[in-house]
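Peer 1: Sequence unavailable; structure follows:
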């Protein structure tokens, strides 16, 4: 099986161990997860309070590319609702 070094030639992290691997895991939770960091210019304007309502966004036909912008304006008005989920069986012209 190879013979290049003691770890079997699998790079610097070793072979089949159960280490943390790349990325370093999830951390200890020392930072808050629900903090919105705007990516677009519209998002920055909304977070700074320079745009006061969704009507202003629609008035100038600005594209909303971040879901957090809608969440910012609608906060408590949004709610999730699950309707009845049923399996579907498709049928072709030749039968099922």
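Peer 2: Happy to help now that I have it. Just so it is clear, the structure is predicted and the values come from calculations on it, not from any experiment.
Peer 1: So for stretch 87-96, mean pLDDT?
Peer 2: For stretch 87-96, mean pLDDT rounds to 75.
Peer 1: residues of it that come out buried?
Peer 2: For stretch 87-96, burial by neighbour count (16 or more other Cβ atoms under 10 Å) applies to no residue. From N, CA and C alone the C-beta is placed, and that goes for glycine too.
Peer 1: residues making contact with it?
Peer 2: With contact meaning Cβ atoms under 8 Å, 6 or more residues apart in numbering, stretch 87-96 is reached by no other residue.
Peer 1: Start at 340, not 1
Peer 2: Taking 340 as the first residue, the last one we looked at is stretch 426-435.
Peer 1: who touches the residue nearest to residue 386 when sequence neighbours are not counted in this structure?
Peer 2: Distance criterion Cβ to Cβ, 6 or more residues apart in numbering; nearest residue to residue 386, sequence neighbours excluded, is residue 377 at 5.2 Å. Counting by Cβ under 8 Å, 6+ apart, residue 377 touches 383, 385, 386, 405, 407.
Peer 1: From those, which land in helices?
Peer 2: 383, 385, 386, 407 (DSSP state H).
Peer 1: Now, of those, which are buried?
Peer 2: Among the ones in helices among the contacts of residue 377, those buried by neighbour count (16+ other Cβ under 10 Å) are residue 385.
Peer 1: export the ones in helices among the contacts of residue 377 to JSON lines and tack on distance to residue 372?
Peer 2: Output for the ones in helices among the contacts of residue 377, formatted as JSON lines (distance: Cβ to Cβ, whole Å):
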{"residue": "383", "distance to residue 372": "20"}
{"residue": "385", "distance to residue 372": "20"}
{"residue": "386", "distance to residue 372": "17"}
{"residue": "407", "distance to residue 372": "13"}
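Peer 1: Out of the ones in helices among the contacts of residue 377, which is nearest to residue 400?
Peer 2: Nearest to residue 400 out of these is residue 385 (Cβ to Cβ; 15.8 Å).
Peer 1: Thanks a lot, see you next time.
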